[in-house]
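Visitor: Sharing a sequence plus its predicted fold:
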Amino acid sequence: MPDLAAIVIHCRDPYLLAPFWSAVTGMPVAEADRVKLAEGTLAPAEAVLLRDPHGRRPDLWISPADTLPAPGRIHLDLVGDAEERAAVLEAGATVVRELPRWTVLADPEGNEFCLLPPNEAHTASPPGH
């Protein structure tokens with residue numbers, strides 16, 4: 001089977017979403033992209049790379065797009081405890097709905113993602129949850 005190399009999040013504003021997803025995942029923005037974000041010098045269609053410094057997780061690209069499909073461009077399932085949930089909310093996420101086994105959140109552009117408690121991490125969830 002092929003390995004998962006990267007996840008791409010299409011967005012309107014990489015200056016908004018790259019720092020958000022960096023904070024939420026703990027994956028730093030690649031140095032060259034960090035400088036461009038700080039200086040405001042990203043090219044119009046230029047994506048921002050977040051990379052796990054330990055190489056254990058796939059790369060995460062924050063990529064601007066002219067048109068964005070509804071209701072979202074991604075759906076990630078993250079695992080985190082109450083402290084990590086608080087940090088995700090502090091980074092700018094909002095609660096969309098609470099479900100019995102996980103919480104549906106949205107990033108600053110409205111992309112929904114789920115936060116599962118550690119004991120639900122390997123429990124299969126229904127499609128489209």
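Guide: Great, that's in hand.

Visitor: Burial check on Pro118, number of neighbours?
Guide: Counted by other CB atoms under 10 Å, the residues lying close to Pro118 total 10. For glycine as for every other residue, the C-beta is placed from the backbone atoms N, C-alpha and C.

Visitor: domain ranges for this protein?
Guide: Domain segmentation of the chain under automatic domain parsing yields 6-64, 77-120.

Visitor: Make JSON lines from these and add mean pLDDT to it.
Guide: Compiled in JSON lines, these are given as follows (pLDDT from 0 to 100):
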{"stretch": "domain 6-64", "mean pLDDT": "94"}
{"stretch": "domain 77-120", "mean pLDDT": "91"}
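
Visitor: State the distance from Val96 to Thr103.
Guide: In this structure, Val96 lies at 8 Å from Thr103, with CB to CB, to the nearest Å as the measure.

Visitor: Neighbour count: those two, which is higher?
Guide: The neighbour comparison of Val96 against Thr103 (other CB under 10 Å) goes to Thr103, with 20 against 14.

Visitor: how far away is the nearest residue to that one once chain neighbours are set aside from Tyr15?
Guide: In this structure, Thr103 finds its nearest non-sequential neighbour in Leu115, 4.9 Å apart by CB to CB, 6 or more residues apart in numbering. Separation of Leu115 from Tyr15 (CB to CB) stands at 24 Å.
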